[in-house]
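*Asks:* predicted model, plus sequence, below.
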Amino acid sequence: MHQVLYLLSGLCLGFVLQVYIASMYKDGSLQSSPGCHNDSVPRNHRHYSRGCSIASLPDPDIAVEGSSAWCTGTNHTNRMCKFRNLCYAPKYDNFVFFHGEHSIKEGIPNNRFDPTLLEMNSIFDHNAQYFNFVDLKTTDVSKFNIEFYHGKSFVFNRFNPDNLMHVLHDDLLPLFFTLKHVTSDDSEQFDLCTRLVLMEGFKPGEYLELYQSFSDSPVVMKSDLESADSDRLVCFRTSFVGMSKLTVWYQYGFTKPQGPVDNIQVTGTQIRDFTKFVRKRLNLEEAGSSFDQYIVLLSRKINRVVTNEAQLMLALIQEFGMRVVSVSQETHTIRQQIDIISKAFILVGVHGSLLSLAMFLPQDSIVIEIFPYAVNPDHYTPYKTLASLPSMKLTYAAWRNTQVENTVTHPEYPPHLGGIQHLNNERQRAIMNSDEVPLHLCCKDPQWLFRIYQDTFVDVSTFLETVKDAISKRTHSTQTSTSVDTELKLFPWKVINLTCQIVNVHSDKYAPEDTNAGLQLSWQPPWNLLYLETNVVKYEVWIQSDNDETVSAYILPMTEYIFTEGIKHHSTYDVWVRCIINDNLIGPFVSASVCAPS
């Protein structure tokens, strides 16, 4: 009887909350900077953005200029190129580079086909993202009908535009930091008139608004470049190809089981720089440092459903005295989802791409991830990794269904949604009887798909304990955290006024006539040491004789010392000194000082 009342109460509450939230938000179209719209000149098919510092320029003469490229990077996985007059042939789905006497090819390797020149997305070494161009001579230009896009264009592939994790992690975060690197603007983080050219060939998708927010020029789809004219080329006056991978924190298991990438470089500070930009471009108000304590439950309507969602919502309300807001793709736009989550205290959701929106949570918020039966939380950690980034300041906890009777499986689903009826009976039984998905590669493992697409009845009592533990952990971390950003590393600079001389050292105070050689060194601390917070200051000294390749190294707490070990009167020594603070922040060596006999 109590369960029925909980369900009815929860359903009513959930409906009222959804109606209330929906009434708070009205769909607002993205407001671009004034005057930045493509204009078309029919004769030349010229595309440019009015008001974006692009005048109505005549088309360049590629037959004279040719194409040019300036590339940086050591291999195809980290190479980025700026092109002048890079063209695209829709008929052949190839990019074209016109070689002429004025062409510049800086940073292009001799063999750009091993395996390719660069990649058009942040996914590491995925052959579907390879980019290269076809070679033609400038004398061939007259054989084509050429249409120009003036101004700057950033050409790339979306990886999976229907999955929000891929949209944010693989596309937009790398795009944000790449544009900051290759373009500049005095008033914005990058040149907002740089148009985006999406070349993977997918349909626009439900998240195109997010991509459009990165440019005041209309997004160009691959389909916009297609033509029935077999001799047509589309050329980009200035284009950038290749994405930074510095913001990537997760790999999806193409060559090894999925998990965090090695040597993660992105920090919470950088993530929040990105989310602040997105909120601004979507015309969403600042979340602020103080926020209303409410819980967001990411509701799934089609698969991976929480079958007792209403009961769970009611239990959260009763236990913690907070509002619980149900958010889903079916009831909220992406803009509304971001706005609601940006002000939440706790975000709850089943493992899935919507949890990537945790990056928009305020600092000191909590993420609770629900895992279906037989899915080990330790093997699937994109959102745990996100929450754990330096200075991200999110508390993460996972709840796992361990009771097989609380799961609803769907062997009848299509294979890509976890159905297994296409498999032989023995394989089906093995999957149905399994209690943990083994480690696997992406992306079609039937056991993984079967388990991740099942529905779950959440055990309320154990779930509430998970939330309580997370709140306790969060409270402890906020109380013990310091005001100093843990990712902030301030290094000492070079020591100043390093001097050295070879001196006589009396070996015995009772026999002053007996002397040994000593190397007397002195220096002053780095000038920026006055401004750094230091607990321990040490100096590392390297000494090398001119007739010996061996280097002697010492660690000292002082700025003056006489070295006697192995020092000879008539030898010359090279000396290097650097400062070390707090045992792990190591400054640069000052240039070698030569100590010669006087």
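*Replies:* Happy to help now that I have it. Residues are numbered from 1 along each chain as shown.
*Asks:* all contacts plus neighbour counts: C-alpha atoms, from now on.
*Replies:* Noted.
*Asks:* residue closest to the middle of the chain?
*Replies:* In the chain, the centroid-proximal residue (CA atoms, centre = their mean) is Thr247; its distance is 2.6 Å.
*Asks:* that one is in contact with Asn263, isn't it?
*Replies:* No: assessed by CA atoms under 8 Å, Thr247 is found out of contact with Asn263, at 11.0 Å.
*Asks:* quick one: what helix or strand has Ala430 in it?
*Replies:* Secondary structure assignment for Ala430, by DSSP states H and E: helix 425-433.
*Asks:* which is the next helix or strand following that helix?
*Replies:* Using DSSP H and E, the helix or strand that follows helix 425-433 towards the C-terminus is helix 446-452.
*Asks:* same for the helix or strand that that next one is followed by, what does it pack against?
*Replies:* Next in sequence after helix 446-452, counting helices and strands by DSSP H and E, comes strand 455-456. Identification of packing neighbours for strand 455-456 by 3 or more CA pairs under 8 Å, 6 or more residues apart in numbering; DSSP states H and E yields strand 407-408.
*Asks:* quick one: contacts of the strand it packs on?
*Replies:* The contact list for strand 407-408, computed with CA atoms under 8 Å, 6 or more residues apart in numbering, reads Pro372, Tyr373, Asn401, Gln454, Asp455, Thr456, Phe457.
*Asks:* wasn't Arg158 part of a helix?
*Replies:* No: Arg158 is assigned coil when assessed by DSSP: H, G, I helix; E, B strand; the rest coil, not a helix.
*Asks:* Leu168 is in contact with that one, correct?
*Replies:* No: contact status for Arg158 versus Leu168: not in contact, 10.3 Å apart, counting by CA under 8 Å.
*Asks:* and stretch 108-121, how far from the chain's centre?
*Replies:* The chain centroid and the centroid of stretch 108-121 are separated by 23 Å, computed with CA atoms, centre = their mean, to the nearest Å.
*Asks:* actually, stretch 566-573.
*Replies:* In terms of CA atoms, centre = their mean, the gap separating the centre of stretch 566-573 from the centre of its chain is 53 Å.
*Asks:* CA atoms of that stretch as PDB?
*Replies:* Extracted in PDB, the C-alpha atoms of stretch 566-573 (Å, rounded to 0.1, in the frame of the first residue of the first chain):
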ATOM      1  CA  GLY A 566      87.800  16.500  -5.800                       C
ATOM      2  CA  ILE A 567      88.700  20.200  -6.300                       C
ATOM      3  CA  LYS A 568      92.200  20.900  -7.600                       C
ATOM      4  CA  HIS A 569      94.100  24.200  -7.800                       C
ATOM      5  CA  HIS A 570      94.900  24.200 -11.500                       C
ATOM      6  CA  SER A 571      91.600  22.800 -12.900                       C
ATOM      7  CA  THR A 572      88.700  24.700 -14.500                       C
ATOM      8  CA  TYR A 573      85.100  24.000 -13.500                       C
END
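*Asks:* got the buried residues for the helix holding Ala430?
*Replies:* Across helix 425-433, burial judged by 16 or more other CA atoms under 10 Å covers Gln428, Ile431.
*Asks:* what's it in contact with?
*Replies:* When contacts are defined by CA under 8 Å, 6+ apart, helix 425-433 is touched by residues Ile420, Gln421, Gln447, Phe450.
*Asks:* next one: stretch 381-393
*Replies:* 249-250, 259-260, 266-269, 271-272, 355-356, 358-359, 363-365, 367, 394-397, 485-487.
*Asks:* okay, that stretch in PDB with CA atoms only?
*Replies:* The C-alpha coordinates for stretch 381-393 follow below in PDB (Å, rounded to 0.1, in the frame of the first residue of the first chain):
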ATOM      1  CA  THR A 381      34.600   6.200 -15.700                       C
ATOM      2  CA  PRO A 382      34.200   9.200 -18.000                       C
ATOM      3  CA  TYR A 383      32.200  11.200 -15.500                       C
ATOM      4  CA  LYS A 384      34.100  10.100 -12.500                       C
ATOM      5  CA  THR A 385      37.300  11.300 -14.400                       C
ATOM      6  CA  LEU A 386      35.600  14.600 -15.200                       C
ATOM      7  CA  ALA A 387      34.600  15.200 -11.600                       C
ATOM      8  CA  SER A 388      38.200  14.300 -10.400                       C
ATOM      9  CA  LEU A 389      40.000  16.700 -12.700                       C
ATOM     10  CA  PRO A 390      42.300  19.100 -10.800                       C
ATOM     11  CA  SER A 391      40.300  22.100  -9.500                       C
ATOM     12  CA  MET A 392      37.000  20.800 -10.900                       C
ATOM     13  CA  LYS A 393      35.800  20.500  -7.300                       C
END
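*Asks:* buried residues in stretch 467-480?
*Replies:* Residues of stretch 467-480 classed as buried by neighbour count (16+ other CA under 10 Å): Val467, Ala470, Ile471, Lys473, Arg474.
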